[in-house]
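Undergrad: here are the coordinates; sequence isn't available:
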């Protein structure tokens, strides 16, 4: 019996690829299947996260307004010598 030579390249293995449906019907079918897997937040969780986003927007808008007013005042003092 002869031993198999390991220096020879092995043939490439084929990877099974899923068959995708084409077109609008396939897209809608796949989309509805994926949407069923989504874990949707509760109403309470949604309200809490909405409040967090709105509070952060107000805080950032306030901070940017104060920084704009402060930099405007500094530039006015440096260029005109008065407020």
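TA: Received, thanks. Everything numeric in this text was worked out from a predicted model, so none of it was measured. Numbers count the residues shown, from 1 in each chain.
Undergrad: going forward, measure contacts between C-alpha atoms and count neighbours the same way
TA: OK.
Undergrad: can you count the residues close to residue 27?
TA: 13 (other Cα atoms under 10 Å).
Undergrad: report the secondary structure state of it.
TA: Three-state call for residue 27 (DSSP: H, G, I helix; E, B strand; the rest coil): helix.
Undergrad: swap in residue 40?
TA: What three-state DSSP gives for residue 40 is coil.
Undergrad: lowest-confidence helix or strand of this protein?
TA: The weakest-scoring helix or strand in the chain, judged by mean pLDDT, DSSP states H and E, is helix 23-37 (a mean of 91).
Undergrad: only the buried residues of that helix, if you could.
TA: For helix 23-37, burial by neighbour count (16 or more other Cα atoms under 10 Å) applies to no residue.
Undergrad: what of stretch 44-59?
TA: Buried, per 16+ other Cα under 10 Å, within stretch 44-59: nothing.
Undergrad: pLDDT (mean, whole number) over that stretch?
TA: Mean pLDDT, stretch 44-59: 98.
Undergrad: how far does that stretch sit from its chain's centre?
TA: The chain centroid and the centroid of stretch 44-59 are separated by 18 Å under Cα atoms, centre = their mean, to the nearest Å.
Undergrad: in the chain, which spans are strands?
TA: With DSSP state E, there are no strands along the chain.
Undergrad: max-length helix in it?
TA: helix 43-80 (DSSP state H).
Undergrad: return the distance of it from the chain's centre.
TA: With Cα atoms, centre = their mean, you get 23 Å for helix 43-80.
Undergrad: next one: stretch 27-34
TA: For stretch 27-34, the distance to the chain centre is 21 Å (Cα atoms, centre = their mean).
Undergrad: with stretch 36-47 instead?
TA: Taking Cα atoms, centre = their mean, one finds stretch 36-47 lying 17 Å from the centre of the chain it belongs to.
Undergrad: list the contacts of it.
TA: Applying Cα atoms under 8 Å, 6 or more residues apart in numbering, stretch 36-47 turns out to have no external contacts.
Undergrad: check the separation of the first and last residues in that stretch.
TA: End-to-end span of stretch 36-47 (Cα to Cα, to the nearest Å): 22 Å.
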